[in-house]
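Student: can you look at this prediction? I've put the sequence above it.
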Amino acid sequence: MRASMPKYVPSQGIPKYHLDYCFPGDESENRLTVLVATERCSKMKKAVVLPSKGATRKYAAKMMNELINECGDKDP
């Protein structure tokens, strides 16, 4: 059985965001590249379709910043 994650208390440290790629699609070359982010405590998620893995696009950064802002972790 998996232990549950402790609830986030702002005074206990920095929030954690986990990012990873997934590649949904069929076995041929028809695959998407998706960057998925999850905030550890709230379990909020966001997924962004990108042209390729590791693409340095402002769009992906903007979408990840939106998740951080939605979680209330933006800079004061």
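Tutor: Received the coordinates, thanks.

Student: show me the strands in the chain, by range?
Tutor: 17-22, 33-39, 45-50 (DSSP state E).

Student: buried deepest among the ones you listed, which one?
Tutor: strand 33-39 (a mean of 17; mean count of other Cβ atoms under 10 Å). For the C-beta atoms, the positions are set from N, CA and C on the backbone; glycine is no exception.

Student: for residue 19, give me its contacts.
Tutor: Taking Cβ atoms under 8 Å, 6 or more residues apart in numbering, we find residue 19 in contact with 35, 36, 37, 64.

Student: ok, so what distance separates the residue lying farthest from the centre of the chain from residue 52?
Tutor: If you look at how far each residue of the chain sits from its centre, by Cα atoms, centre = their mean, the farthest one is residue 28, at 26.4 Å. Look at residue 28 and residue 52: by Cβ to Cβ, to the nearest Å, they are 17 Å apart.

Student: quick one: low-confidence parts of this structure?
Tutor: 1-13, 55-57, 74-76 (pLDDT under 70).

Student: give me phi/psi at the residue farthest from the centre of the chain?
Tutor: phi -80, psi -160 (degrees, to the nearest 10).

Student: and it, how far from residue 16?
Tutor: 36 Å.

Student: just the helices in the protein please.
Tutor: 58-70 (DSSP state H).

Student: quick one: contacts for residue 25?
Tutor: Neighbours of residue 25 in contact, by Cβ under 8 Å, 6+ apart: 31, 32.
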